[in-house]
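1. I'll drop the sequence and a predicted model, then ask my questions.
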Amino acid sequence: MDRIKELGDFGRELGCPVVRYQEPMSSHTTFHIGGPADLFLTAPNADTLRKLCRKAADLEVPLFPLGNGSNLLVSDGGIRGAVVTFGGDLKKIALCSETAVQCGAGASLASLCNFAKEHNLTGVEFAWGIPGSAGGAAYMNSGAYEHSMSEVVTACFHVTARGESGTLKGAELGFGYRRGAYSDNGCIITALRLELKRGRREDIAARMEELYARRKAKQPLELPSAGSVFKRPAGHFAGALIEQCGLKGRRVGGAAVSEKHAGFIVNLGGATCADVEKLIGVIRETVQRETGVALECEVKKVG
C-alpha cells in the first residue's frame, strides 16, 4: 500500500476530522502561496498527534506541523509527506492558577490575548494582531514592540518525532531572538504554559487597541504576506535599510516590496514562491551592496 495513503487511512481510524490528499497549501498560509501537500491531517488532541508521529516515523513519511501558516513560504511544488494541523483540545485555553495559563499550540494568538484580557491578565498585549498560533509563536519566540514570548512562556509540552511526550521548562526553552530550543530539536509543541500578571481589563484592552492601531498604521495588513521577511540586523532596522535602497514597490511577478512597510513582501495577486524568492534575492543583494549589511530571512521556507 502507498505509504501516504496508509498514513491517511490511519488518521481516519484515529478520528482525525480532516484527512485530505493533494491539499493546496496556498489555502493554509497567510501569504496565499504554496503547492499541494501529499497529505493534510488535523489532529484533535495530543494523543492522536503522538500516534500519528509514531506511525509516520514507522512509514518514513515526513510530518510537518502547521499552525496558522503566518511565517511560512511554501514551495510552488508543495510539501512531500504529511502536514498536520491542530484542532479540538489542541486549541483549548484554560487557567492553571490565578495568573498561569495553559494554551493549546493550535490556539491563535488572538484567542490567547482575548482570554488573558477576559481574565484580567496582562503580559501578552504585544501579541495582539500577530496572525500566528500560540505554538508557532513559542517555536520562534515571536515578539513585537520590545516584548516577546520568552517573557511569559514558562514551559512547553511536546511530542517527539517518535511520538513520545516531553516537556521543556525555564532555561531549557533556550529562547533567543526569533528562535528557541524547538527551532532545532525536531519536536512538535502541543501546549504552552504562560505566567502572566494581574491587571485591569480596561487597561489591557486599551493597550491592545493602541498597539493594533500602530500596527495597522504601519503594516500592510490589507494584503497577504508572511509578516516581516527579515530579522532585525544588529544596530539597524531591515525595513529602513530596504527603503533607503529605494526598493519600496519593487516587484517580481505578483510579489512586491510593500509601499507601506519595506520590511514586508506582499502578494498582489497570483504571486508564486519563485517570485518571492527572486525578490528576496534582489533585496539581499542590493542591501548588501549599498549598505554592507547582510539581511537574514525570518520567514521559513518549506517544501
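-> It's in.
2. part of a strand, is N114?
-> No: assignment of N114 by DSSP: H, G, I helix; E, B strand; the rest coil gives helix, placing it outside any strand.
3. can you tell me how far it sits from E6?
-> 40 Å (Cβ to Cβ, to the nearest Å). Placement of C-beta: from N, CA and C, glycine included.
4. ok, K117 next?
-> On the measure of Cβ to Cβ, K117 and E6 end up 45 Å apart.
5. the two: which has the busier surroundings?
-> Neighbours were counted for K117 and for E6 using other Cβ atoms under 10 Å; K117 has more, 21 against 15.
6. could you check which helix or strand contains the more buried one?
-> helix 109-118 (DSSP states H and E).
7. tell me what that helix is packed against?
-> strand 93-95, strand 100-104, helix 134-140, helix 201-218 (3 or more Cβ pairs under 8 Å, 6 or more residues apart in numbering; DSSP states H and E).
8. now do it against strand 100-104, angle only.
-> Orientation of helix 109-118 against strand 100-104 (axes from the mean of the first three to the mean of the last three Cα atoms, to 10 degrees) gives an angle of 160 degrees.
9. residues in contact with the helix or strand following helix 109-118?
-> Downstream of helix 109-118, the next assigned helix or strand under DSSP H and E is strand 121-122. If you take Cβ atoms under 8 Å, 6 or more residues apart in numbering as the criterion, strand 121-122 is touched by 99, 101, 116, 196-199, 203-204, 207.
10. restricted to buried residues, select the residues you listed in PyMOL.
-> A single PyMOL command selects the buried members of the contacts of strand 121-122 (16 or more other Cβ atoms under 10 Å):
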select buried, resi 99+101+116+196+199+204+207
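11. that older thread, S258 is nearest to which of the helices and strands packed on helix 109-118?
-> With Cβ to Cβ, the closest approach to S258 among the helices and strands packed on helix 109-118 belongs to helix 201-218: 10.1 Å.
12. how far does the helix or strand following the closest one sit from the chain's center?
-> On the C-terminal side of helix 201-218, the closest following helix or strand by DSSP H and E is strand 225-228. Centre-to-centre, strand 225-228 and its host chain are 10 Å apart (Cα atoms, centre = their mean, to the nearest Å).
13. now strand 225-228: mean pLDDT?
-> Mean pLDDT, strand 225-228: 94.
14. packing partners for that strand?
-> Against strand 225-228 (3+ Cβ pairs under 8 Å, 6+ apart) you get strand 264-267.
15. packing partners of whichever helix or strand comes after the strand it packs on?
-> The element immediately downstream of strand 264-267 (helix or strand, assigned by DSSP H and E) is helix 273-291. Here helix 273-291 touches strand 72-74, helix 238-244, strand 251-252, strand 255-257, strand 264-267, going by 3+ Cβ pairs under 8 Å, 6+ apart.
16. in TSV, list these along with mean pLDDT.
-> Formatted as TSV, the helices and strands packed on helix 273-291 follow (pLDDT from 0 to 100):
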stretch	mean pLDDT
strand 72-74	97
helix 238-244	96
strand 251-252	98
strand 255-257	98
strand 264-267	98
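17. export these to JSON lines and tack on mean neighbour count?
-> Shown next, in JSON lines, are the helices and strands packed on helix 273-291 (neighbours: other Cβ atoms under 10 Å):
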{"stretch": "strand 72-74", "mean neighbour count": "25"}
{"stretch": "helix 238-244", "mean neighbour count": "20"}
{"stretch": "strand 251-252", "mean neighbour count": "17"}
{"stretch": "strand 255-257", "mean neighbour count": "25"}
{"stretch": "strand 264-267", "mean neighbour count": "25"}
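18. which one of those lies nearest to Q219?
-> Of these, nearest to Q219 by Cβ to Cβ is strand 264-267, at 6.5 Å.
19. can you pull out the low-pLDDT segments for this protein?
-> 1 (pLDDT under 70).
20. quick test: name the residue nearest the centre of it.
-> Nearest to the geometric centre of the chain sits G136, at 4.0 Å (Cα atoms, centre = their mean).
21. isn't that residue up against F86?
-> No: here G136 lies out of contact with F86, judged by Cβ atoms under 8 Å, at a distance of 10.0 Å.
22. okay, and the common contacts of the two?
-> 67, 105.
23. distance of C113 from K91?
-> Taken as Cβ to Cβ, the span from C113 to K91 is 14 Å.
24. between these two, which is the more surrounded one?
-> Neighbours per residue (other Cβ under 10 Å) separate C113 from K91, with C113 holding more: 25 against 18.
25. without its sequence neighbours, what residue ends up closest to that one?
-> W128 (4.5 Å; Cβ to Cβ, 6 or more residues apart in numbering).
26. having no further points to raise, I will conclude here.
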